[in-house]
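Enquirer: no FASTA, just this:
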């Protein structure tokens, strides 16, 4: 028991010093659901909240990974340390995408100032959002100055994860009619900066006009004083990256300037989301374990399959039994 | 009270007879969270389980909606009734996509044998999967012979919804490197049939070979005797639709032939997923309501923000308080 406590202490200290091996082992242990890993995470939590978290989201093929790669490069040149969380099955950071991309990314793995962690979009029973948040907490506690979170901008989880960043970039490319529509359908709301990547392609100015119009349309919905701007980049050619990062800094300063209120609101919203997500998944895991052990789950499922009840009535009855009325 | 019971009875009967207006009103009421709507859903549930549910999934831009449109047309010509659930922000069925597509879809709205319902990918606190399942149950109870469920094949929810179909089509197009990778990362596992749409495009035979290889690689993982086949279509030109539907029927017969066991397993898995999802969302909603009313939630969040605790410890303590150990 004492050994275990020492071990936890030791790991916490090593991660707070920014040790890569200790952090990597913790993330693996978290994935495996090791109870000790969770204890370490709890101890790291109070040391988080210092990094600037940047979300990078958009459909597959818009060049999010190349853009992420360029942002890492830019930040490293300024002496900043960077953590990357890739929640994108098509990202070369996750082992997806084409070979050339993957090779391009490799160079960062030799840089001690960069820590890259990829998350699969499936297979985590505890929820992808919770996993992403845990990794962000570890990177933050390690002392990384910037954390880049790359997600595919479709799907509820992905939009939610992107929304937990302090500054969120929504990336699109010229001429993707569908893409603009996808943005319309939800992710525009979480965008602090809009990026038209591959801006040398035909139709860039049309896309620019479309985005401007959409921003105008939703301007009245924004309660914040922040007005999203549109940036044009060619990530592959390293064009427009400096301007984009200047925009990120501008947004960061905006958050800080608002008497800290905007940032505090952003932090409060993050904590609320995080706690509720953990509560939801934790309750469910614990409850399913109890129901499985007692044989109650199989019993209920049999009743539903035999149409003696329906899943709505069965789940409601169970909720009332556990939580009571009101 | 008696009036309410009569009203419920009346709506149930009208929906079982396939009345479009009653079904549309119920779906709207379900979205609004009307308690009466849930009662009706419970009554409809035992009448579901007869339709053949077909999932259609793939990245934005592969032509899922056009394909869905063609499948509707094909099924209607054979005298089958069709329900459509579009969980895709880029789908013209959901009001997304470009104008031309949307106009093309309009014709079905005049056909009494087709019922189309779109679901937004955001804003449903109770979860997108639960909403989709409820709509499927209503369409099924209405007596629709086929239910087509169109989802974007990225994101956890979307893959999960696609996986609840009896027959799942995974759609791709030639030459999308990223796309193939996205398939690799997860949705190939839920594919019963693979579709290469826009098969007149350059690179179709290369994509065909790639998919064949991927199917080979994962063949040993399939416990089922079913081997997914690859179909080539040009949905816009109505090419390959008949062959594809023949493939769907083949898969349906396979499910029925396996002594009903494959179908029973598929149904059992659906019921299990459905019940657990409802339980999870129901517990969470009820619990958050209780915690908000009592002021406990704000108290916990304040403690976390002031770093007197962390969200992990706080949520664990609450779970243990409610469910007890074990």
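Expert: All right, it came through fine. Computed from a predicted structure; not experimentally measured.
Enquirer: Excluding residues flanking it in the chain, which one is nearest residue A:7?
Expert: Nearest residue to residue A:7 in three dimensions, chain neighbours excluded: residue A:36, at 7.4 Å (C-beta to C-beta, 6 or more residues apart in numbering or on different chains). Every residue, glycine included, has its C-beta placed from N, CA and C.
Enquirer: Spell out the secondary structure type for that neighbour.
Expert: Classification of residue A:36 by DSSP: H, G, I helix; E, B strand; the rest coil places it in helix.
Enquirer: Test my guess that it contacts residue A:30.
Expert: No: at 10.1 Å, residue A:36 does not count as touching residue A:30 under the criterion of C-beta atoms under 8 Å.
Enquirer: okay, the two: which has more neighbours?
Expert: When residue A:36 and residue A:30 are compared for neighbours, residue A:30 comes out ahead with 20 against 13, by other C-beta atoms under 10 Å in any protein chain shown.
Enquirer: who's residue A:148 bridged to?
Expert: Listed beta-bridge partners, residue A:148: residue A:54, residue A:84 (assigned using DSSP bridges).
Enquirer: Just list the residues touching it, thanks.
Expert: Neighbour list for residue A:148: A:54, A:56, A:68, A:71-72, A:82-85 [criterion: C-beta atoms under 8 Å, 6 or more residues apart in numbering or on different chains].
Enquirer: what about 10 Å?
Expert: Residue A:148 makes contact with A:52-56, A:64, A:67-69, A:71-72, A:75, A:82-86, A:93, A:114, A:116, A:139, A:165, A:169, according to C-beta atoms under 10 Å, 6 or more residues apart in numbering or on different chains.
Enquirer: Quickly find the element holding the most centrally placed residue in chain A.
Expert: For chain A, the residue nearest the mean C-alpha position is residue A:161 (3.7 Å; C-alpha atoms, centre = their mean). If you go by DSSP states H and E, residue A:161 is part of helix A:156-163.
Enquirer: cool, and residue A:216?
Expert: helix A:204-218.
Enquirer: How far off centre is that helix?
Expert: 26 Å (C-alpha atoms, centre = their mean, to the nearest Å).
Enquirer: on contacts alone, who are the packing partners of the helix or strand following it?
Expert: Per DSSP H and E, the first helix or strand lying C-terminal to helix A:204-218 is strand A:229-232. Applying 3 or more C-beta pairs under 10 Å, 6 or more residues apart in numbering or on different chains; DSSP states H and E, we find strand A:229-232 packed against strand A:167-172, strand A:193-196, helix A:204-218, helix A:241-257.
Enquirer: so can I have a markdown table of these showing distance to residue A:144 and mean neighbour count?
Expert: Output for those, formatted as a markdown table (distance: least, C-beta to C-beta, whole Å; neighbours: other C-beta atoms under 10 Å in any protein chain shown):
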| stretch | distance to residue A:144 | mean neighbour count |
| --- | --- | --- |
| strand A:167-172 | 15 | 27 |
| strand A:193-196 | 20 | 24 |
| helix A:204-218 | 31 | 15 |
| helix A:241-257 | 15 | 16 |
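Enquirer: mean pLDDT lowest for which of the ones you listed?
Expert: Looking at those, the lowest mean pLDDT belongs to helix A:204-218 (a mean of 84).
Enquirer: Low-confidence stretches in the stretch 1-150 of chain A?
Expert: Along the stretch 1-150 of chain A, the parts satisfying pLDDT under 70 run over A:1-4, A:88-107, A:109-110, A:120-127.
Enquirer: If we use 50, what do you get?
Expert: A:97-99, A:122-125 (pLDDT under 50).
Enquirer: My read is that residue A:245 contacts residue A:78, right?
Expert: Yes: contact status for residue A:245 versus residue A:78: in contact at 8.7 Å, counting by C-beta atoms under 10 Å.
Enquirer: joint contacts of those two?
Expert: Joint contacts of residue A:245 and residue A:78 (C-beta under 10 Å, 6+ apart) are residue A:146.
Enquirer: and the gap between the residue nearest to residue A:7 and chain B?
Expert: Distance, residue A:36 to chain B, by C-beta to the nearest C-beta, to the nearest Å: 13 Å.
Enquirer: what's near enough to touch that residue?
Expert: Counted by C-beta under 10 Å, 6+ apart, residue A:36 has contacts A:4, A:7-8, A:11, A:26, A:29.
Enquirer: Quick check: the two most widely separated of those?
Expert: The span of the contacts of residue A:36, defined through C-beta to C-beta, is set by A:4 and A:26 at 14.7 Å.
Enquirer: what helix or strand does residue A:116 sit in?
Expert: Applying DSSP H and E as the criterion places residue A:116 in strand A:114-118.
Enquirer: what sits against the nearest residue to residue A:305 once chain neighbours are set aside?
Expert: Of all residues not flanking residue A:305 in the chain, residue B:271 sits nearest, at 5.6 Å (C-beta to C-beta, 6+ apart). Each residue near residue B:271 by C-beta under 10 Å, 6+ apart is listed here: A:300-302, A:304-305, A:310-311, B:49.
Enquirer: right, and the helix or strand after the longest helix along chain A?
Expert: Ranked by number of residues, the top helix in chain A under DSSP state H is helix A:261-293. Next along the chain after helix A:261-293, taking DSSP H and E as the criterion, comes helix A:296-305.
Enquirer: Show me the domain layout of chain A.
Expert: Chain A breaks down into these domains under automatic domain parsing: A:1-46, A:48-258, A:276-323.
Enquirer: Excluding sequence neighbours, find me the nearest residue to residue A:116.
Expert: Per C-beta to C-beta, 6+ apart, closest to residue A:116 is residue A:84, 4.4 Å.
Enquirer: Please identify the most buried of the domains of chain A.
Expert: Counting by mean count of other C-beta atoms under 10 Å in any protein chain shown, domain A:48-258 has the highest mean neighbour count of these, with a mean of 20.
Enquirer: Between its first and last residues, how far does it reach?
Expert: 22 Å (C-alpha to C-alpha, to the nearest Å).
Enquirer: And it, how far out from the chain middle?
Expert: Using C-alpha atoms, centre = their mean, the offset of domain A:48-258 from its chain centre is 9 Å.
Enquirer: now stretch A:34-46
Expert: Relative to its parent chain, stretch A:34-46 has a centroid offset of 19 Å by C-alpha atoms, centre = their mean.
Enquirer: coming back round to it: by contact count, what packs against the strand holding residue A:116?
Expert: Strand A:114-118 sits against helix A:20-32, helix A:64-77, strand A:82-87, helix A:128-141, strand A:146-152, with contacts defined as 3+ C-beta pairs under 10 Å, 6+ apart.
Enquirer: quick one, phi/psi of the residue in the stretch 201-326 of chain A positioned nearest to chain B?
Expert: In the stretch 201-326 of chain A, the residue that lies nearest chain B is residue A:310 (3.6 Å; C-beta to the nearest C-beta). Phi and psi for residue A:310, reported as degrees, to the nearest 10, are phi -130, psi 160.
Enquirer: The helix holding residue A:216 close to chain B?
Expert: No: with C-beta under 10 Å from any C-beta of the partner chain as the criterion, chain B is not reached by helix A:204-218; the gap is at least 11.8 Å.
Enquirer: and the angle for that helix with strand A:167-172?
Expert: Counting by axes from the mean of the first three to the mean of the last three C-alpha atoms, to 10 degrees, helix A:204-218 lies at 130 degrees to strand A:167-172.
Enquirer: is it true that residue A:10 touches residue A:22?
Expert: Yes: in this structure, residue A:10 is within contact of residue A:22 by C-beta under 10 Å, at 8.4 Å.
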